[in-house]
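K.L.:
okay, here's the prediction I keep looking at, along with the sequence it came from:
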Amino acid sequence: MNVDEFVKKVFEIADELEYCVELRRPGRSICFNKTSDKWLSEHHIRALFPAILDPELSDRDIRLCTRTT
């Protein structure tokens, strides 16, 4: 699996689980919590790859991967 396949699969799963997926700047985003307006952008999803495949990855490590600079 490469990064493009990973991103495609994440969005497919989000659609299957009926999360809100919208085209926003600068690309697609998934809304995980409409009440608090929590979104995960395509940029953040790309940043998770390949680290997210490590079963030892902690919640803290995931947050560091998706931190916007």
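P.N.:
Perfect, I can see it now. Note that this is a predicted model, so its numbers are computed, not measured. Numbering: from 1, shown residues only.
K.L.:
show me where the chain has its strands.
P.N.:
20-24, 27-33, 38-41 (DSSP state E).
K.L.:
tell me the angle of the longest one relative to strand 20-24?
P.N.:
Okay, so that is strand 27-33. If you take axes from the mean of the first three to the mean of the last three C-alpha atoms, to 10 degrees, strand 27-33 sits at 140 degrees to strand 20-24.
K.L.:
who touches the spatially most central residue of the chain in this structure?
P.N.:
Nearest to the geometric centre of the chain sits Ile45, at 3.4 Å (C-alpha atoms, centre = their mean). Ile45 is in contact with Phe6, Val7, Val10, Phe11, Ile30, counting by C-beta atoms under 8 Å, 6 or more residues apart in numbering. For every residue, glycine as well, the C-beta is placed using N, CA and C.
K.L.:
tally of neighbours for Glu42?
P.N.:
Counted by other C-beta atoms under 10 Å, the residues lying close to Glu42 total 17.
K.L.:
got it, and Val10?
P.N.:
Burial of Val10, expressed as a neighbour count using other C-beta under 10 Å, amounts to 20.
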